[in-house]
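Trainee: sequence below, structure please.
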Amino acid sequence: MGYLSYNSRLGTYELGGRTLTLSYAALANLDIRRVARPIMQSLAETHNLHIALAVRDKLMMLNVEICEGHGLVGLRLAPGSRVPIAVTAIGKAYLATVSDDERNRILDAIRKQYGDDWPLIKRSIETSILDVEQRGFCVSTGEWRKDINAVGAPIAAPGGGAIYALSFGGPAYLVSQDQLEHEFGPALAAAANTISTSLGSPGI
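Mentor: Presented below is the predicted three-dimensional model:
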């Protein structure tokens, strides 16, 4: 696979050129976390909510950075935790931004995974794609967990690199639909755009 190469003179194995792809991905991940964290922390403290930065891992979104407000209750996710791509705001924001070919492959896998629930999930994803195109964010109210409401917004890495997404939310009794639509959604979209432009991307 190119991750190791054999050094015949020394009779040992050493790292091959393929490992560079891993190091570049790791460096990109570190860079986006460095840029995103102060913006995320400010947002979390201003609104006292949970905010996550994630990248896709198969049919899940892998959280690579988490920030929380001081008084938050009801939602605790750690870096390294995963949430479903199909029924979360962060996952749907990601789906809204990938290429048509990649999205179709993911949606086909989701269809097989969710069976009879697929038509409802498909409609929600389609609505979220339109929302991201028009407003820069999408909403999820009680889809993943009935007690959690959130908004999601995508982050485009420069040069066609990995696509990340942000989510911003908390317990349903603290986060209303109106707040998601008119306060938290626009704030998250602005934060995602700031992160994108800081990374050298034109933004979403």
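
Trainee: quickly find the element holding the residue sitting nearest the centre point of the chain.
Mentor: The residue lying closest to the centre of the chain (CA atoms, centre = their mean) is residue 165, at 2.8 Å. Secondary structure assigned from DSSP states H and E places residue 165 in strand 163-171.

Trainee: who does that strand pair up with?
Mentor: Strands flanking strand 163-171 in the sheet, each with its direction: strand 50-57 (antiparallel), strand 148-156 (antiparallel) (DSSP bridges).

Trainee: the residue nearest to the centre of the chain reaches residue 151, doesn't it?
Mentor: No - here residue 165 lies out of contact with residue 151, judged by CB atoms under 8 Å, at a distance of 10.6 Å. Every C-beta, even on glycine, is put in place using the N, C-alpha and C of the backbone.

Trainee: for this structure, just list every one of the helices.
Mentor: For the chain, helices defined by DSSP state H occupy the ranges 19-47, 89-95, 100-114, 118-135, 177-179, 185-198.

Trainee: picking up where we left off before, which residues does the residue nearest to the centre of the chain bridge with?
Mentor: The residues paired with residue 165 through beta bridges, assigned by DSSP bridges, are residue 54, residue 154.

Trainee: tell me who's in contact with it.
Mentor: Residues touching residue 165, when contacts are defined by CB atoms under 8 Å, 6 or more residues apart in numbering, comprise 53-55, 61, 90-91, 93-94, 97, 152-155, 192.

Trainee: top of the residues you listed by neighbour count?
Mentor: For the contacts of residue 165, neighbours were counted by other CB atoms under 10 Å; the highest total belongs to residue 93, with 36 neighbours.

Trainee: now do the same contact list for that residue.
Mentor: Residue 93 is in contact with 128, 132, 137-138, 152-154, 165-167, counting by CB under 8 Å, 6+ apart.

Trainee: and of those residues, the nearest to residue 102?
Mentor: Distance from residue 102 was checked for each of the contacts of residue 93 by CB to CB. The minimum falls on residue 154, at 13.1 Å.

Trainee: surely that closest one meets residue 189?
Mentor: No - no contact is recorded between residue 154 and residue 189 when judged using CB under 8 Å, the distance being 9.2 Å.

Trainee: how near is residue 87 to residue 32?
Mentor: Applying CB to CB, to the nearest Å, the value for residue 87 to residue 32 is 24 Å.
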